[in-house]
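Chemist: Here is my input; please provide its structure:
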Amino acid sequence: MAKRESQAESDEPTATSPTLDEFDAVSEDDPNVDPPSDGDGSDDGDADEDDGGGSSLTGSIGSGVGRVVRSQRTAGIVAGIEDRFAKFRRERKIGKGTLRSTYVVAYRGYVGNGRAYTKLRVTEEPVVPQQAEVLTDPEALRGNLRRFAAMSFPGVDVTVTMAGASDSAETARHGYANATIPVADLVPGWHDYEVRTEPVDPDEEPATARSQVLVPDPAAPFWVISDIDDTVLQTGLAEGLVAVKNTLFGQARTRRAVPGMATLYRAIEGGPAAAGGARAPFFYISTGPWNLYDMLCEFLRVRGFPAGPMFLTDWGPQERYISRSGTQHKRSSLRRLQALYPSAKFVLIGDSGQQDAYNYTDFAEEFPDSVAAIIIVDVGLDDKAEAMREHERAVAGRVPFHYVTDAREAAVVLADKGVIRAEAVDAVAAAYERS
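Modeler: This is a model prediction of the structure:
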């Protein structure tokens, strides 16, 4: 059993994906932003320009402030403040006797090249309402806020065990740790693993958690990488404040799925007739925080979407950066999966609300043999729609890019490409009409 310190929050962010040998030591959260460009951590990004093309006092001030905010030095200061506040909060709770028990959440992982890649977090036990058909707005609001308020437990030794093998790690600043476990040949499907804390106090009971890792079926002709917000889960992006309300007051059983997408995803999972029963694996990449992981898993289950490993982000400030780039997170995650599964043919599904179209296009141009189709679903924003149509025309003939109005059009495209069976088109249309 190899003991090593987790690097979930301490590795240098890079713009390129790690090698396979580095997968066990690098977190999905590390490559979220480009690294600082010089030794003092300053950012040499493009300065803002005024309308006349020349420098202005306002532009210079804005550019200077931007560089300060993005600098490694500022990130280190903010992270230090956060650490001191967390220490104060923990000591205060201990003094008052209100510190709750140690709690472990283990996330779904994946297997490739004979290794299982797992991720976990250790925190104070959160006080979140039990799942119910409907919670009142105040209950839902308190539950969602408490997902972010639970105190992280850094410096906790953990052991991750699967199929008789194990790995150990130590949780980092925000309580996260990664573990990579060598595994023998496993049949395609889901396999259990267990996490156990190693308390320093012999009188303290260890905290445990269980989750699963996915062994993708190599016989599956197509694999899916999907966005979450506004691709499978409606956020109300096109309705302004509705998106804020949904985030604050939403819960797994009340959040709405994008019409027809669950039926479409199950059709992709089942595959074409030629798949011979091999089920397409699903991977979900989102800039959403790990704090919402349990809600997202429950949402996918309740709404009938295929389960799959998630690539989410840590929203807390890091020692090298304060804010993170969603674009870099998604691009790094895409390249990570391609490097681990180089023979897979991916169907990339996203929406027009953010940068999915451009992230997927760049990936397809870099790895053309790895992409079977790009599906971008319209979110109802007129300015985005025109940009997507222009982009589709620009990449026509180079990239299998398809901008669609909804799940019905997506089904037609994927049936034409042999990704789903022809009869699934009517099923998706019927599900869309019922939504």
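
Chemist: Report how many residues lie close to the closest residue in space to residue 379 that isn't next to it in sequence.
Modeler: Distances taken as C-beta to C-beta, 6 or more residues apart in numbering place residue 353 nearest to residue 379, at 4.3 Å, with adjacent residues excluded. For glycine as for every other residue, the C-beta is placed from the backbone atoms N, C-alpha and C. As a burial measure, residue 353 scores 22 neighbours (other C-beta atoms under 10 Å).

Chemist: what's the answer for the one 5 residues further on, then?
Modeler: Residue 358: 16 surrounding residues under other C-beta under 10 Å.

Chemist: Would you confirm that it contacts residue 391?
Modeler: Yes: when contacts are counted by C-beta atoms under 8 Å, residue 358 is listed as touching residue 391 (7.4 Å).

Chemist: what residues does the host helix or strand of residue 214 touch?
Modeler: Using DSSP states H and E, residue 214 sits in strand 208-215. The contact list for strand 208-215, computed with C-beta atoms under 8 Å, 6 or more residues apart in numbering, reads 104-111, 116-118, 120, 162, 186-197, 281, 308-309.

Chemist: mind running it again at 6 Å?
Modeler: Here strand 208-215 makes contact (C-beta atoms under 6 Å, 6 or more residues apart in numbering) with 104, 106, 108-111, 116, 186, 188, 190-196, 309.

Chemist: Can you give me every residue that contacts the spatially closest residue to residue 108 that is not a sequence neighbour?
Modeler: Closest residue to residue 108 apart from its sequence neighbours, by C-beta to C-beta, 6+ apart: residue 309 at 4.7 Å. Each residue near residue 309 by C-beta under 6 Å, 6+ apart is listed here: 108, 109, 110, 214, 283.

Chemist: how close does the fourth one get to residue 110?
Modeler: Computed with C-beta to C-beta, to the nearest Å, the distance linking residue 214 and residue 110 is 5 Å.

Chemist: Pretty sure residue 264 sits against residue 427.
Modeler: No: at 8.8 Å, residue 264 and residue 427 do not qualify as touching, with contact defined as C-beta atoms under 6 Å.

Chemist: between those two, which one's more packed in?
Modeler: Neighbour totals were compared for residue 264 and residue 427, and residue 264 leads with 30 against 17 (other C-beta under 10 Å).

Chemist: And the next helix or strand past the helix or strand hosting that one?
Modeler: Using DSSP H and E, residue 264 sits within helix 261-270. Downstream of helix 261-270, the next assigned helix or strand under DSSP H and E is strand 282-289.

Chemist: Could you measure from residue 332 over to residue 339?
Modeler: Residue 332 is 10 Å from residue 339, by C-beta to C-beta.

Chemist: cool, residue 119 as well?
Modeler: For residue 119 relative to residue 339 (C-beta to C-beta), the value is 18 Å.

Chemist: Residue 402 too?
Modeler: On the measure of C-beta to C-beta, residue 402 and residue 339 end up 25 Å apart.

Chemist: Ok, residue 257 next?
Modeler: Distance of residue 257 to residue 339, computed by C-beta to C-beta: 31 Å.

Chemist: so which strand or helix has residue 392?
Modeler: helix 382-395.

Chemist: Remind me what that helix packs against, helices and strands.
Modeler: On a contact count with 3 or more C-beta pairs under 6 Å, 6 or more residues apart in numbering; DSSP states H and E, helix 382-395 meets strand 401-404.

Chemist: elements contacting the strand it packs on?
Modeler: By 3+ C-beta pairs under 6 Å, 6+ apart, strand 401-404 packs against strand 371-377, helix 382-395.

Chemist: Recalculate using a threshold of 8 Å.
Modeler: helix 356-366, strand 371-377, helix 382-395, helix 407-416 (3 or more C-beta pairs under 8 Å, 6 or more residues apart in numbering; DSSP states H and E).

Chemist: ranking those by burial, who's on top?
Modeler: strand 371-377 (a mean of 25; mean count of other C-beta atoms under 10 Å).

Chemist: What about residue 292, how many residues nearby?
Modeler: 21.

Chemist: ok but it is inside a helix, no?
Modeler: Yes: using DSSP: H, G, I helix; E, B strand; the rest coil, the assignment for residue 292 is a helix.

Chemist: Can you read off the pLDDT for it?
Modeler: If you check residue 292, the pLDDT there is 87.

Chemist: Give me the distance between it and residue 197.
Modeler: As judged by C-beta to C-beta, residue 292 and residue 197 stand 23 Å apart.

Chemist: what does residue 333 give?
Modeler: 28 Å.

Chemist: Residue 218: what secondary structure?
Modeler: Three-state assignment for residue 218 (three-state DSSP): coil.

Chemist: residue contacts, it?
Modeler: 188, 343.

Chemist: Let me see the confidence value for it.
Modeler: 95.

Chemist: cool, and the one 10 residues further on?
Modeler: What the model reports as pLDDT for residue 228 is 95.

Chemist: Skipping adjacent residues, who's closest to it in space?
Modeler: Computed as C-beta to C-beta, 6+ apart, the closest residue to residue 228 that is not its neighbour in sequence is residue 286, at 4.0 Å.

Chemist: For the one you found, list the residues it contacts.
Modeler: 227, 228, 229, 296, 310, 311, 312, 313.

Chemist: Quick check: the gap between the fifth one and residue 268.
Modeler: It refers to residue 310. From residue 310 across to residue 268, the span is 18 Å (C-beta to C-beta).

Chemist: Neighbour count: those two, which is higher?
Modeler: The neighbour comparison of residue 310 against residue 268 (other C-beta under 10 Å) goes to residue 268, with 27 against 24.

Chemist: ok, the more buried one touching residue 226?
Modeler: No: using C-beta under 8 Å as the test, residue 268 is too far from residue 226 to be in contact (9.5 Å).

Chemist: returning to that earlier point: the helix or strand just after the strand holding residue 214 pairs with which strands, parallel or anti?
Modeler: Using DSSP H and E, the helix or strand that follows strand 208-215 towards the C-terminus is strand 223-226. Strand 223-226 has its sheet partners listed here by DSSP bridges as strand 282-289 (parallel), strand 346-351 (parallel).

Chemist: Reformat the ones you listed into a markdown table and put distance to residue 171 and mean pLDDT next to each item.
Modeler: Listed next are these as a markdown table, based on distance: least, C-beta to C-beta, whole Å; pLDDT from 0 to 100:
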| stretch | distance to residue 171 | mean pLDDT |
| --- | --- | --- |
| strand 282-289 | 17 | 93 |
| strand 346-351 | 32 | 98 |
